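S.K.: Sequence isn't available, so here's the structure alone:
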């Protein structure tokens, strides 16, 4: 038999000259790859100045930016088709999101995204979305809400996202007070008592979050 090993191209070396070691892919182990459906579409996260969440975290109450997803797909959301051998061009999407909606687009995807091998291409997930796949192609996901909320808070403290405007804070405070006042009118109802307690807790949480934000 003819020896063809000499004609085979050498595998690319790692930084130290040795071939990088990777785990055997699921398909190579005889496993069926999961179909991640809509998650096969790459996306960016963006924050709008008027959208904020009040969250109770492991470190106390925090006021954090609500983040929406901007899908990166050719022909969708001003994303231009990729040229051969190149990535999708999302520059128009980013520019229009900033100019038309005032969004802060988070382009540093390594800080919040990872990809998982799947059928027909990778799936894209937040770092706080923990995906478990099975040999039959099924998959499930758990979510670290607290870790995600604290990361969103870090976007504000690091200056990546501007703090909430006074008008936004005033609107939220007013809504919570109205909620508490409505519940006060029917103190005999257990549902109203629960709503009042929730509103008062959130009001106190809002002031705690603002105090933390102002240092």
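M.R.: Cool, got the structure. It should be emphasised that the depicted structure is a prediction, and the values quoted were computed from it without experimental measurement.
S.K.: by contact count, what packs against the lengthiest helix in the chain?
M.R.: Criterion DSSP state H: the longest helix present in the chain is helix 190-214. Judged by 3 or more Cβ pairs under 8 Å, 6 or more residues apart in numbering; DSSP states H and E, the packing partners of helix 190-214 are strand 42-57, strand 60-72, helix 166-184. All C-beta atoms are positioned from the backbone trio N, CA, C, and that covers glycine.
S.K.: now the ones you listed as TSV including distance to residue 214?
M.R.: As requested, the helices and strands packed on helix 190-214 are exported to TSV (distance: least, Cβ to Cβ, whole Å):
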stretch	distance to residue 214
strand 42-57	15
strand 60-72	11
helix 166-184	11
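S.K.: Is it possible to get CSV of those that adds mean pLDDT, mean neighbour count and distance to residue 117?
M.R.: Shown next, in CSV, are those (pLDDT from 0 to 100; neighbours: other Cβ atoms under 10 Å; distance: least, Cβ to Cβ, whole Å):
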stretch, mean pLDDT, mean neighbour count, distance to residue 117
strand 42-57, 96, 18, 15
strand 60-72, 95, 19, 19
helix 166-184, 92, 14, 41
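S.K.: Centroid-nearest residue for this structure?
M.R.: Centroid-nearest residue in the chain, with Cα atoms, centre = their mean: residue 126, separated by 4.8 Å.
S.K.: buried residues in the helix-or-strand element of the chain with minimal mean pLDDT?
M.R.: Sorting the helices and strands of the chain by mean pLDDT, DSSP states H and E puts helix 91-101 at the bottom, at a mean of 76. Neighbour counts over helix 91-101 (16 or more other Cβ atoms under 10 Å) mark 93, 94, 97 as buried.
S.K.: The second one: what's its closest spatial neighbour, skipping adjacent residues?
M.R.: Read that as residue 94. Leaving aside its chain neighbours, residue 94 sits nearest to residue 105 (4.8 Å; criterion: Cβ to Cβ, 6 or more residues apart in numbering).
S.K.: Distance check, that neighbour against residue 186.
M.R.: Distance, residue 105 to residue 186, using Cβ to Cβ, to the nearest Å: 45 Å.
S.K.: now do residue 52
M.R.: 29 Å.
S.K.: Tell me if I'm right that residue 64 and residue 154 touch.
M.R.: No. At 9.1 Å, residue 64 and residue 154 do not qualify as touching, with contact defined as Cβ atoms under 8 Å.
S.K.: quick one: contacts for the spatially closest residue to residue 50 that is not a sequence neighbour?
M.R.: With sequence-adjacent residues excluded and distances taken as Cβ to Cβ, 6+ apart, residue 50 is closest to residue 168, at 5.9 Å. Applying Cβ atoms under 8 Å, 6 or more residues apart in numbering to residue 168 gives the contacts 49, 50, 52.
S.K.: State the distance from the last one to residue 158.
M.R.: If you measure residue 52 against residue 158 using Cβ to Cβ, the figure is 16 Å.
S.K.: ok, the nearest residue to residue 56 once chain neighbours are set aside - how many residues close by?
M.R.: The shortest distance from residue 56 to any non-neighbouring residue, by Cβ to Cβ, 6+ apart, is to residue 205 (6.2 Å). Counted with other Cβ atoms under 10 Å, residues neighbouring residue 205 total 18.
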